[in-house]
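[1] What would the 3D arrangement of this be:
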Amino acid sequence: MSLQLDPRAGDRARPQRTTGAEVLRRRLLTWAALLALLAWSAARAVPEGAVVNTGGLALLDDLVVTARDLSLDPEFLRIVLDATLTTVAFALLGTLGALVLGVAGGLVLSDVAWDRQPPPLVRALRLLLRGALVAVRAVHELVWALLFVSVLGLDPLVAVLALAVPFGAQTAQVFGETFDTVPDGPLRALRDAGARRVSALAYGLLPQALPLMLSYAFYRFECALRSVVVLGVAGVGGLGFELTVSLQSRNWEEVWTLVTALLVLSALVELWSSRVRRNLAIVTCADWVVGRSDPAEGRRSSRLSRPVRWSLWAVPPVAAAAWWWVGLSPANLFSERTRALTSRLLADMWPPAPPPGGWSTLVGASLDTIAMATLAMLIAVAITLVIGPWASRPRAGRGGSVGAVRWLAWGLARAVLLVLRSIPPTVWAVLALLALFPGIIPGAVALGLYTGGILARLVAEAWETVDLRPRDALRDAGVAPSVSAVLGVGPPSARHLVTYTLYRFEICVRDTAIVGVVGAAGLGRVLADRLAAFDFAAVTGVLVASFVVSAAVELVGRRGRRAW
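    I've put the predicted structure just below:
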């Protein structure tokens, strides 16, 4: 029996001691930079003319008045049912495609899968793959849908591919990190015994990571459901498409019926997903969005629970039914017409060119995008601070109990957040453009409401895991309940809020393309104009600018999260 020391232990540098003055200086600089960014964003967002569109307020008032007048026409309800099934089918098929790409890409990116010493060809492939994944993730799924429509037309493949491609890039990154964090003892034992790499991965690595992978798959399905509704702007069908048509025709009764169906569907999917994830490795969505230091710590049991097993058994027949329902035909990908249109599209997109107005237009649109995302996050953080504490599941302290009023407040807060994140930002943008003139502000309002529903849920779930013992100790010492709650729970809660805000800011920058398509400012507005004009060289220029902005914001966000 031999003792094997960690070879990296002696190489680790001792952490340098940071003085209190240095910490204070960094915090002051951070707050100064943040306030400067907010002031600049507000100054850039305020137009020279009027902000409120008084003419559109009457239409907004009509929409609110008809909130209780749902359209219950049998023919329209049949359309709603068909659109609901189509939405679920697209989300399921897109998620399955993303998982296939994610497993393949994750194995290539994983160090454990290659015994931490991949051959030169694999190292080169991984370098190219990492760059490609960053580029793919930088383009929003709605933009992918608009590009696929140019080649495939209004084919069901558009929705599936628009979800599978960017979600697959994100899933590959998550799965690659997951493979590197689970125990790799069985894999190494099989490799040492002479097992082939594929067999060792199938029996030694994948079973260890399966609970984490399944948990992320259910979470990704939730995200896909919301994204399918956004893709309705591209005309691919589903609830999002019907909602867009009803909004354009100003048929408010149909709008409220569709919104009700969307809320019910979102609530059912989230309840089901939360139920099955509770029996797996990761309980909350908050665990996935910014990563865990050790995902294996969250594992509950290697045995799958009954709801999980039933869900897995239901996937093949439901996926087959979804395939049949939407009429998916992969043969269209390989048709002569598709090859010709793809070649023509690629030729038109290269080399990149600036839109009318030159590169200064791209610079201005990029600045508008950053300002819009900044103000949207300000709104989202405000929503989180107001609703988030109530949306966190009530927990009684030592020897205490939770009253019925607190549970009622929790249910109402959760319902409000469900409404905010279930209604797509394109719909929020259309509503904002009824009351506000086009520009940065309506886009920021739309993204702020949508992101606030997501951010508050993530933060509320994270707050549910905060240790209450410091608060209880302060209360036992005679400190007032309000003061003890702030001192005992405040610091870890603030850390969660900052971490998830930085993460959502990265996503919010990418989501500006959504509201730009329907008339707000930023790179999305320029992209929509160039797509409408079939100026694909300028489209590439806009996508390059969007990639640069997204990559820069992602780099700053990661450094900020690591610092926290």
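[2] worst-scoring helix or strand of the protein, pLDDT-wise?
    Across the helices and strands of the chain, mean pLDDT, DSSP states H and E gives its lowest value to helix 286-289, namely a mean of 52.
[3] which strands and helices sit next to the helix or strand following that helix?
    Proceeding C-terminally, helix 286-289 gives way to helix 306-326 as the next helix or strand, assigned by DSSP states H and E. Counting contacts by 3 or more C-beta pairs under 8 Å, 6 or more residues apart in numbering; DSSP states H and E, helix 306-326 packs against helix 74-109, helix 156-179, helix 206-230, helix 252-277. Placement of C-beta: from N, CA and C, glycine included.
[4] Now do the helix or strand encompassing Ala446, average pLDDT.
    Assessed by DSSP H and E, Ala446 sits inside helix 440-463. For helix 440-463, mean pLDDT rounds to 90.
[5] Over to stretch 494-513?
    Stretch 494-513 carries an average pLDDT of 85.
[6] centre of the chain versus that stretch, how much separation?
    10 Å (C-alpha atoms, centre = their mean, to the nearest Å).
[7] For it, buried residues please.
    Residues 496-513 are the ones in stretch 494-513 that count as buried (16 or more other C-beta atoms under 10 Å).
[8] Looking at these, which are in strands?
    Using DSSP state E, the subset of the buried residues of stretch 494-513 located in strands is empty.
[9] Narrow those to those in helices?
    Residues of these located in helices (DSSP state H): 496-513.
[10] Now tell me what touches stretch 361-374 from outside.
    37-38, 40-41, 44-45, 354-355, 440, 443-444, 447, 505, 508-509, 511-512, 515, 520-526, 541-542, 545-546, 548-549, 553 (C-beta atoms under 8 Å, 6 or more residues apart in numbering).
[11] I figured Pro307 hits Ser273, correct?
    No - counting by C-beta atoms under 8 Å, Ser273 is not a contact partner of Pro307; they are 10.5 Å apart.
[12] who has more neighbours, the two?
    Ser273 (20 against 15; other C-beta atoms under 10 Å).
[13] Please identify the nearest residue in space to that one, excluding sequence neighbours.
    Phe218 (4.5 Å; C-beta to C-beta, 6 or more residues apart in numbering).
[14] Enumerate the positions of stretch 158-165 that are buried.
    The neighbour-count check on stretch 158-165 (16+ other C-beta under 10 Å) flags 158-165 as buried.
[15] Repeat that for stretch 357-366.
    361-362, 364-366.
[16] Could you do stretch 528-538 as well?
    For stretch 528-538, a neighbour-count test (16+ other C-beta under 10 Å) marks 528-531, 535-538 as buried.
[17] next one: stretch 180-195
    180-182, 184, 187, 190-191, 195.
[18] where does the stretch 301-450 of the chain dip in pLDDT?
    301-304, 396-402 (pLDDT under 70).
[19] Leu35: neighbouring residues, count only.
    Leu35: 10 neighbours (other C-beta under 10 Å).
[20] Name the SS class of it, please.
    helix (DSSP: H, G, I helix; E, B strand; the rest coil).
[21] That one and Ala314: what is the separation?
    Relative to Ala314, Leu35 is positioned 51 Å away (C-beta to C-beta, to the nearest Å).
[22] Same check on Val553?
    39 Å.
[23] more crowded one of the two?
    Val553 (21 against 10).
[24] Just the endpoints, please. Distance across stretch 194-201?
    End-to-end distance for stretch 194-201, by C-alpha to C-alpha, to the nearest Å: 13 Å.
[25] Sorry, slip of the keys, the one I care about is stretch 235-244.
    Using C-alpha to C-alpha, the end-to-end distance of stretch 235-244 comes to 9 Å.
[26] so for it, what's the average pLDDT?
    Mean predicted lDDT for stretch 235-244 stands at 89.
[27] ok, now stretch 212-221?
    86.
[28] Break down the stretch 451-564 of the chain into its helices, ranges please.
    Under the criterion DSSP state H, counting those that start in this stretch, helices of the stretch 451-564 of the chain are mapped to 469-476, 481-517, 523-532, 536-563.
[29] So for the third one, mean pLDDT?
    So that's helix 523-532. 88.
[30] same thing with the first one?
    What helix 469-476 shows for mean pLDDT is 78.
[31] between the buried residues of stretch 158-165, which is nearest Gly238?
    Distance to Gly238 across these (C-beta to C-beta) is lowest for Ala159, with 7.4 Å.
[32] any idea of the pLDDT on the nearest residue to Trp256 once chain neighbours are set aside?
    The spatially closest residue to Trp256, leaving aside those adjacent along the chain, is Leu70, at 5.3 Å (C-beta to C-beta, 6+ apart). Leu70 is assigned 86 on the pLDDT scale.
[33] which SS state does Leu70 fall under?
    Leu70 ends up coil, using three-state DSSP.
[34] Relative to Arg339, how far out is it?
    46 Å.
[35] Leu418 too?
    44 Å.
[36] Settle it for me: which of those two has more neighbours?
    Neighbour count, other C-beta under 10 Å: between Leu418 and Arg339, Leu418 has more, with 17 against 12.
[37] contacting residues around the more buried one?
    Contacts for Leu418 (C-beta under 8 Å, 6+ apart) come out as 263, 266-267, 270, 453.
[38] Not counting sequence-adjacent ones, nearest residue to Arg414?
    Arg414 sits nearest to Ala391 (C-beta to C-beta, 6+ apart), 5.4 Å away.
[39] quick one: that neighbour and Ile454 touch, right?
    No - with contact defined as C-beta under 8 Å, Ala391 does not reach Ile454; the gap is 11.8 Å.
[40] Need the max-distance pair from the buried residues of stretch 180-195.
    Longest span within the buried residues of stretch 180-195, C-beta to C-beta: Thr181 and Ala195, 22.0 Å.
[41] circling back to that earlier point, tell me the one among the buried residues of stretch 180-195 nearest to Ala380.
    Nearest member of those to Ala380, counting by C-beta to C-beta, is Thr181, at 29.5 Å.
[42] Quick one: neighbours of the residue nearest to Trp256, just the number.
    Using other C-beta under 10 Å: Leu70 sits among 19 other residues.
[43] where does the stretch 101-250 of the chain have low pLDDT?
    116.
[44] mind saving the C-alpha coords of stretch 380-390 as CSV?
    Coordinates of each C-alpha in stretch 380-390 appear next as CSV, following Å, rounded to 0.1, in the frame of the first residue of the first chain:
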residue,chain,number,x,y,z
ALA,A,380,-34.4,43.4,-13.0
VAL,A,381,-32.4,44.0,-9.9
ALA,A,382,-35.1,46.4,-8.6
ILE,A,383,-37.7,43.6,-9.2
THR,A,384,-35.5,41.1,-7.5
LEU,A,385,-35.0,43.3,-4.4
VAL,A,386,-38.8,43.9,-4.1
ILE,A,387,-40.2,40.5,-4.9
GLY,A,388,-37.3,38.1,-4.4
PRO,A,389,-37.4,38.0,-0.6
TRP,A,390,-41.1,37.1,-0.7
